[in-house]
Structure formats: structure tokens, C-alpha cells
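> sequence-free structure coming up:
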């Protein structure tokens, strides 16, 4: 600790303002290296993308210069976004043929490790090169040690109600996750009853997430109960929410082809939720999350339903008034009795409308109170720029946003609507997306099972007018798995 304090004093006195530093050890010819950008390179030659780092010469390291490769290692963190402090961890990537030593661990070429304050980078066991010092203003997390040993916690990426969502990084394999942190402290509740209800809701959220396994639903990873907090670890959506995605389009409106592609995915996810007799109760554009996938040299978006804080089994009596007013169905707004999973269908219709028009179907700015608009189901199409161009979409939205819940279709019936089924390009696009997703999941499983060198190959075979697509998994030059891909046989 004293060593780190001395370094801190040194760079504060020198007016150095990087987010981290490499301080030389046992070398009078090297000066402290300041890390300012998100990536820096180190070696005997300048990297093609060299903007920051250090180029070593024989004058710097006389006895071990031959051990240094042209591009020996780099230090990288995630790109900064906005004006917030970038709390993503620093990662050391070894690119040199001879590798290096981090503390007492020998790392070969291609290895990566998360760096922490005081880590020592060595060329050989007997020659320490740098000490890494991270001087960012990390928050002091009042989290249990068992989690701090396993994860590095980063910036807040979302919040709502009393919970917040942070980025989290597994120290073992550098995998980025999202962690929802919910308070469990009794002192935060006004009554014992309120505390018990909060604990019940937390338990319900975990239970619901554990039951869901679908490409279009945010994946549950783990949870941890502490006396002060509940931690729910889940997959991280690298592109944020659908709200961010739609805002990137002109006038915040999706073209018909993208709208169908995204909305079909949401329906596929919600279909699984409803099949398990779960009501989400807060379907809205902010609760749909987006992951990027590469399909044939283009980026596609995989949409996932998330935030199951309000979700409940539809076998239970649903009578709680909750949700977001622009997506709220009349049976929840007035709450004259029980309601069903058909409440999600109304919200889905509102989401459809918003994606295609860039506005809400019901709003206080439309001349009458929003509650009256919702009670009558009087959708305002006057401000929608799609109602003449896409009559099939308008018909579908009207079918979803019906005051009588029993008249609303199921999610499976929505997916059978001709607006979706008659679009051949949509089917091809969705099939490619899910094939790629499944391939990525198999690759991840191989790595988790300790088989990082297993390879997947796809072969297309044609003979006598019959075309087959075959997927092979090759481990150590032997075929261990062969599968004829579904829908791949063509005559």
C-alpha cells in the first residue's frame, strides 16, 4: 500500500493526468508511461494503429531486449461513452511470441488478463519491467468480498425504481455481464409488510428469469443474496435498449422491413414468456434490449425482452396497478378486478405503434386526457406517418389495442398474421439470425467446457439435385459431431 501511495504522490506532483500509468522498475532509462486513450501498444516497433504506448530500444533494456517482440503486448479498456468516468477494467493482451509474466503467472502469446493496481509486468521471472497503477476514481462498493473477488464492477448502465444496473466483468475470463442490484435493507422499508412484499417481488423476479431460456429473452446467469442487496447477474446487451436503436433512425421511425424484423423477435420472446404462464406487465420499448450479431458482413440486431421486475405467474391473481402510462391497458388503469396476460398484448400494440410512428398512440397532448383515450381505445393515427403506407400494420395494431382483453389475439396468433407470414425476406433474415446465434452459443459452451480449440464447420453438399447443409464439430482433427441443419434439404 505504501508503494502505491508513493507513486500516487509522484504523478500528482508531476501534474500527470492519465487514467493509469506504467511505472518502470529497476531501470534508470525508462520513464513512467501515461495511459490516456483506450488502447496502448508496447514493443520494438510501432503498431499499425499506434497512437499511444512505448517503443523499446536496446538503450532502454540492455540485457533482455531480444526477448521483446515487435508487438509485445497492449493494454486496453472499453471505448469511452459520454462524459461519465470510464470504469471498464484494463485488460493486458499478450501479443509477443515469447509471452511475459504477470506477477508470478507466465502468460503465452494470445493470453489476456484483467489488470489491477500494483500488478507487476515482467519480461522474465528475474526482470520486472513495470508496475501498473490505475488512478481512476473507482467507487468503494459495499458489496460482499466473495463477489469482489470474482467480479470487477463498472459504471451504472441503467436504473429504475429502487434498483440500478451496473456493468460487471468476470475476472476469470473477462466476460462482460450486467448486474441488477436491488436493496434488501429493512431500514429502507416503512413497514414489515412492505419489506416482506419487496423480498417476495425479488424472489419472483429471480424465479421467473431462471425459467426463461430463449434467444429473445435476456439470459439469467446467476444471483447472490446478501443482507443489504440482491444481485442478479445476466447477459449484457452491447447495443443498449430498443429505445436507443429506434432513435438512430430518421424521425425515430423504423422502416417497414426493420419494424417487422424487430417486432417478430419481440413476439417470439413474449410467446415463450406467455407459454410458461408468465405476465411481464411492463412491455415497453425501454425494456427491450439489443445485442449485435454479424451476419454475412453486415451487423444485425438480436432483440431481447428484459426487466422482469413486474413479472408474475398468470396462475396468481393479478390485481396490482403498475406499468408505464403510455403502454397501460384500461383493465390495469381502472383496476376493476383481475386481469390476465392479455394486458401484455395491449402494451405490445402500443410498442408496435411507437416503433412505426415515432410517437405514442395515447398522449395527453392529443386534446383529451390520456385516461379517456385509453378507456375508449381511440388510437390517434392522425400523427402517424405510416397509416396510409402500411395498412396491414394499422389493422394489426387495431387488433392488439382493443378495450376488451378477450378480443385481443395471442402472441402466436400475431406471429401468424399475414403481415409477417407473407414476407419471404423476413423469414430468411430471421433464420440467418437464429442460426448465427445458435452457432455462437455452441462456441461459448465449448470454451466453458474447456475445449477452446474445438472448431465448427459448415459444409454445403450438392449431388443429383439434392442440396444438404451439414454442420461438423472438429476436436483435435477428429469429427465428433455431425448434424444435418434443419430446413437445409432442397430439391
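Yep, it's here. Bear in mind that the values here come from a model prediction, so they are computed numbers and not experimental data.

> Tell me how many other residues surround residue 338.
10 (other Cβ atoms under 10 Å). All C-beta atoms are positioned from the backbone trio N, CA, C, and that covers glycine.

> Work out for me the element it sits within.
Applying DSSP states H and E as the criterion places residue 338 outside every helix and strand.

> likewise residue 264?
Residue 264 belongs to helix 256-275 when elements are defined using DSSP H and E.

> Would you double-check that residue 304 falls in a helix?
No - according to DSSP: H, G, I helix; E, B strand; the rest coil, the state of residue 304 is strand, so it is not within a helix.

> right, and it touches residue 293 too?
No - assessed by Cβ atoms under 8 Å, residue 304 is found out of contact with residue 293, at 11.7 Å.

> Per the annotation, how does this structure divide into domains?
For the chain, the structural domains run 2-134, 139-236, 238-421, 425-484, going by automatic domain parsing.

> quick one: contacts for the nearest residue to residue 231 once chain neighbours are set aside?
Spatial nearest neighbour of residue 231, excluding adjacent residues (Cβ to Cβ, 6 or more residues apart in numbering): residue 224 at 4.4 Å. The contact partners of residue 224, by Cβ atoms under 8 Å, 6 or more residues apart in numbering, come to 144, 146, 147, 230, 231, 233.

> In three-state terms, how would residue 224 be classified?
Going by three-state DSSP: residue 224 is strand.

> next one: residue 290
strand.

> tell me the contacts of it?
237, 238, 239, 240, 241, 242, 244, 245, 301, 302, 303, 304 are the contacts of residue 290 under Cβ under 8 Å, 6+ apart.

> Now, of the residues you listed, which are buried?
Burial by neighbour count, judged by 16 or more other Cβ atoms under 10 Å, picks out 237, 239, 240, 241, 242, 245, 301, 302, 303, 304 from the contacts of residue 290.

> Pairing partners for residue 312 in the sheet, please.
residue 279 (DSSP bridges).

> What about it, how many residues nearby?
Counted by other Cβ under 10 Å, the residues lying close to residue 312 total 20.

> I'd guessed it sits against residue 205; true?
No - using Cβ under 8 Å, residue 312 is not in contact with residue 205, being 9.6 Å away.

> circling back: just send the buried ones among the contacts of residue 290 back as TSV, with pLDDT and distance to residue 427 too.
Output for those, formatted as TSV (pLDDT from 0 to 100; distance: Cβ to Cβ, whole Å):
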residue	pLDDT	distance to residue 427
237	91	25
239	88	23
240	89	27
241	92	26
242	95	22
245	92	22
301	95	17
302	96	16
303	97	17
304	98	20
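
> can I get those in CSV with distance to residue 169?
Shown next, in CSV, are the buried ones among the contacts of residue 290 (distance: Cβ to Cβ, whole Å):
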residue, distance to residue 169
237, 15
239, 18
240, 18
241, 21
242, 24
245, 24
301, 23
302, 21
303, 24
304, 20
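
> Inside strands: which ones of these?
Judged by DSSP state E, the buried ones among the contacts of residue 290 include 301, 302, 303, 304 as members of strands.

> Not counting sequence-adjacent ones, nearest residue to the first one?
For residue 301, ignoring the flanking residues on the chain, the nearest one in space by Cβ to Cβ, 6+ apart is residue 290 at 5.0 Å.

> Just list the residues touching residue 206, thanks.
220, 223, 230, 232.

> so how many other residues sit close to residue 149?
Around residue 149 there are 8 residues (other Cβ under 10 Å).

> Could you do the one 10 residues further on as well?
Look at residue 159: counted by other Cβ under 10 Å, it has 12 neighbours.

> Work out for me the element it sits within.
Applying DSSP H and E, one finds residue 159 within strand 151-160.

> Can you get me the centre-to-centre distance for that strand and its chain?
12 Å (Cα atoms, centre = their mean, to the nearest Å).

> Report the strands that pair with it, each with its relative direction.
Under the rule (DSSP bridges), strand 151-160 has strand 163-170 (antiparallel) as partners.

> buried sites along the strand it pairs with?
163, 165, 166, 167, 168, 169.

> Which residues does the helix or strand just after that strand contact?
Downstream of strand 163-170, the next assigned helix or strand under DSSP H and E is strand 176-183. With contacts defined as Cβ under 8 Å, 6+ apart, strand 176-183 is touched by 151, 153, 157-158, 162-170, 202, 221, 228-238.
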